[in-house]
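Peer 1: 3D, please:
(one chain, ligands or ions: 1)
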Amino acid sequence: MTTNPSLRKRPNGHLLFAQQFFRHPRQIGSIIPSSGFLERRVIAAADIAAARCVVELGPGTGGMTQAMLGALAPDARLLSIEINPLFHEQVSRIEDERLIAHLGSATDVRAIVTSHGLAAPDAIVSGIPFSTMSAAIGSQILAEVAAVLADTGRFVAYQFNPRVGALAQPVLGTPQVAMELRNIPPMRVFRWAKSQA
Ligand SMILES: C[S@@+](CC[C@H](N)C(=O)[O-])C[C@H]1O[C@@H](n2cnc3c(N)ncnc32)[C@H](O)[C@@H]1O
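Peer 2: Here you go, the predicted model:
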């Protein structure tokens with residue numbers, strides 16, 4: 001029996017995700033990966049299809065990563081930055097030449113983009129839980145995001161908790177916010193356009 005290559009590439013990460021949530025609940029922030037509904041809403045908000053360079057913060061087991069690769073142009077690049085080594089290993093198994101999987105922290109996003117020789121990102125997509133990290137770390141990540149984003153770029157963060165809106169206000173201004181109920185838990189999708197900050 002042959003295996004469908006697209007299924008072989010997609011990591012079956014629900015068990016790993018739940019295990020890692022129980023070990024690092026504050027860092028992971030949710031017990032199961034994002035739904036397809038949330039993936040599609042985030043991809044539309046970030047206009048992934050028009051981007052040349054995309055950065056993902058906190059890919060987890062790579063569901064959102066795979067969905068973004070499905071929408072990304074053939075000659076564009078996607079840099080995924082994950083702090084958890086087991087999740088990073090899972091994302092590294094995705095076979096796609098456009099993807100760079102990087103083990104590291106979103107606090108260093110600017111240096112990581114530079115270290116891979118990438119242009120300023122047109123879109124940054126974040127699933128990291130801003131509500132459970134210290135305000136200092138959250139503000140540091142958001143300042144880095146604002147600094148590295150292209151002048152016409154957009155930043156999209158999907159979050160259960162609205163805290164990211166207040167944390168980002170000084171550097172990115174007021175976001176547009178939409179709600180995706182077809183996810184566990186329901187998620188707010190925050191979108192900032194740098195040119196409007
Ligand atoms: C809610 S999960 C999102 C997973 C995945 N993107 C999804 O949609 O299912 C949050 C992810 O952010 C990662 N993370 C948390 N803090 C981080 C940081 N400072 N830098 C990079 N990744 C981080 C966690 O390890 C976890 O994989």
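
Peer 1: what sits closest to residue 122 if chain neighbours are left out?
Peer 2: Take residue 122 and drop its neighbours on the chain: the residue closest to it by C-beta to C-beta, 6 or more residues apart in numbering is residue 51, 3.9 Å away. C-beta: built from backbone N, CA, C; applies to glycine.

Peer 1: can you get me a residue count around that neighbour?
Peer 2: Using other C-beta atoms under 10 Å, the number of residues around residue 51 comes to 24.

Peer 1: now the end-to-end length of stretch 30-39.
Peer 2: In stretch 30-39, first residue to last residue: 15 Å (C-alpha to C-alpha, to the nearest Å).

Peer 1: can you list the buried residues in that stretch?
Peer 2: Of the residues in stretch 30-39, 30, 32, 33, 34, 35, 38, 39 count as buried by neighbour count, 16 or more other C-beta atoms under 10 Å.

Peer 1: so the closest residue in space to the third one that isn't next to it in sequence versus the ligand, what's the distance?
Peer 2: In other words, residue 33. Excluding the flanking residues, the one nearest residue 33 by C-beta to C-beta, 6+ apart is residue 63, at 4.5 Å. Distance of residue 63 to the ligand, computed by C-beta to the nearest ligand atom, to the nearest Å: 5 Å.

Peer 1: returning to that earlier point: can you list the buried residues of stretch 30-39 in TSV and add distance to residue 175?
Peer 2: Shown next, in TSV, are those (distance: C-beta to C-beta, whole Å):
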residue	distance to residue 175
30	20
32	25
33	23
34	19
35	21
38	17
39	19
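
Peer 1: closest to residue 119 out of these?
Peer 2: Set against residue 119, the nearest of the buried residues of stretch 30-39 by C-beta to C-beta is residue 39 (24.5 Å).
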